[in-house]
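[1] coordinates for the following, if possible.
(one chain, ligands or ions: 1)
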Amino acid sequence: MGTDESKIPIGISSCLLGERVRYDGGHKGHSYITRTLGEYFDLKPFCPELAIGLGIPRKPIRLSRSDKGEIRCIEINDSSKDYTEKLSECADAQQTWQRQLCGYILKKDSPSCGMERVKIWDDVMPIREGVGVYADRMMQNVPYLPVEEEGRLGDAVLRENFIQRVFIMRRWHQLVADGLTLAGLIGFHARHKLIIMSHDQIYYQKLGRLVASAGKQDVAEKSKEYLLELMAGLKIRATRKNHVNVLQHIQGYLKNYLDKEDKQEMIQTIENYRTGMVPLIVPITLLNHFFRKHPNDYIENSWYMRPYPAELSLQNTI
Ligand code: SF4
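    Numbering: from 1, shown residues only. Purely as a prediction, here's the structure:
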């Protein structure tokens, strides 16, 4: 698979890149992914149905509950054509390149690629509680990988959440590539603490304890545990309330430096964010402005203030 080192490697269902690989010879090209995310991501397409030898066009398949209650992936008009094992084995065979990725964008509703709420058919009505066979196995094999579906990227909070996790995953890969040390792990955590705090207090405390308990001998083991917990915690959506707590915490670092007017402006801006009058970018921009005048190493190094390229405009919509 081709590589663009300057961009972040992301796996993607091929049909979302406009490749005509669907059962009917069509595609599901997605302009936000190809145009906007394509600027930053090296999108690596993969179609599991093609990979297991199903041609184009092909008979459509779906998830179905068998008489024994098992979920199988079968051809709609011929249940003897069962692709469950092949799709699962296909995911296993992709682990080497998937472990290098920083995220994966899947096609929603697909019996192979769907991340959640895929229809499972039985005699009566389909119920939306399935997971595509390839996607399910891939998520088990690489459990820390940020994964999202194209449909959910239309939601500003979910979009920001996914891209935030992707950039953090990229920094993690860099940390490991540089040679994982105890000091490296402690530094990584320090720079991400405020982001974790904005997602979930319980994970914030749990991760803090995990890093504090790590020693030089077991840093490799503890790091694996840390990554899994980190990515689980970051999946929890950051709320406006949590962001307000973090913003107030950051504001505390300025308390000896701001005059009355500046302090009042900062308080009012955070309040405007809390009530939904302005997006997150507004208090962040004001804080960055004050910290330029009154630098602080901890805040300067925190990824919370600049988590991803500003051009993605993600903080303008949450
Ligand atoms: S959803 Fe997955 S299996 Fe179906 S066409 Fe797209 S990439 Fe291929």
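[2] tell me the residues of this protein that contact the ligand?
    By CB under 6 Å from any ligand atom, the residues of the chain that approach the ligand are 13-15, 21-22, 47-49, 107, 110, 112-113. C-beta coordinates here come from the backbone N, C-alpha and C atoms, glycine included.
[3] which of those residues lies closest to Ile71?
    Ile71 lies nearest to Ser112 out of the residues of the chain next to the ligand, by CB to CB, at 12.9 Å.
[4] tell me the domain ranges of the protein?
    Domain ranges of the chain: 8-154, 156-318, per automatic domain parsing.
[5] pick the most buried one from those domains.
    Ranked by mean neighbour count, these are led by domain 8-154 with a mean of 18 (mean count of other CB atoms under 10 Å).
[6] just the terminal-to-terminal distance for it.
    Domain 8-154 has an end-to-end distance of 21 Å (criterion: CA to CA, to the nearest Å).
[7] now do that domain, average pLDDT.
    Mean pLDDT, domain 8-154: 96.
[8] secondary structure element holding Arg171?
    helix 156-177 (DSSP states H and E).
[9] swap in Arg62?
    For Arg62, the host element (DSSP H and E) is strand 61-65.
[10] tell me which stretches of this structure form strands.
    Under the criterion DSSP state E, the chain contains strands at 8-13, 41-46, 61-65, 71-75, 78-82, 103-106, 118-121, 127-130, 147-149.
[11] tell me what the fourth one is packed against?
    This means strand 71-75. strand 61-65, strand 78-82, helix 84-93 (3 or more CB pairs under 8 Å, 6 or more residues apart in numbering; DSSP states H and E).
[12] contacts for the second one next, please.
    Defining contact as CB atoms under 8 Å, 6 or more residues apart in numbering, one finds that strand 78-82 is touched by 59, 61, 64, 72-75.
[13] got it, and the last one?
    Surrounding helix 84-93, the residues in contact under the criterion CB under 8 Å, 6+ apart are 48-49, 51-53, 71-74, 112, 132-138, 141.
[14] can you flag which of those belong to helices?
    48-49, 51, 133-138, 141 (DSSP state H).
[15] among those, which one lies nearest to the ligand?
    Glu49 (3.8 Å; CB to the nearest ligand atom).
[16] touching, the closest one and Cys15? I think so.
    No - the pair Glu49 / Cys15 is not scored as a contact, 9.6 Å apart, by CB atoms under 8 Å.
[17] joint contacts of the two?
    Common neighbours of Glu49 and Cys15 are listed as Val21 (criterion: CB under 8 Å, 6+ apart).
[18] quick check, pLDDT for the residue of the chain most remote from its centre.
    What lies farthest from the middle of the chain is Lys260; by CA atoms, centre = their mean that is 40.2 Å. Here, the pLDDT recorded for Lys260 equals 96.
[19] dump the residue contacts of Gln201.
    When contacts are counted by CB under 8 Å, 6+ apart, Gln201 touches Asn242.
[20] and the gap between the closest residue to Arg62 other than its chain neighbours and Asp122?
    Excluding the flanking residues, the one nearest Arg62 by CB to CB, 6 or more residues apart in numbering is Pro111, at 5.1 Å. Using CB to CB, to the nearest Å, we find Pro111 at a distance of 14 Å from Asp122.
[21] could you do Lys107 as well?
    23 Å.
[22] ok, Thr275 next?
    Note on Thr275: its distance to Asp122, by CB to CB, is 47 Å.
[23] same thing with Met266?
    57 Å.
[24] likewise for Arg72?
    Going from Arg72 to Asp122 by CB to CB gives 11 Å.
[25] would you mind measuring the gap between the ends of stretch 18-32?
    Terminal residues of stretch 18-32 are spaced 12 Å apart (CA to CA).
[26] distance from that stretch to the middle of the chain?
    Going by CA atoms, centre = their mean, to the nearest Å, the spacing between the C-alpha centre of stretch 18-32 and its chain's C-alpha centre is 23 Å.
[27] what do you get for stretch 167-176?
    13 Å.
[28] pLDDT on it, on average?
    So the average pLDDT for stretch 167-176 ends up being 97.
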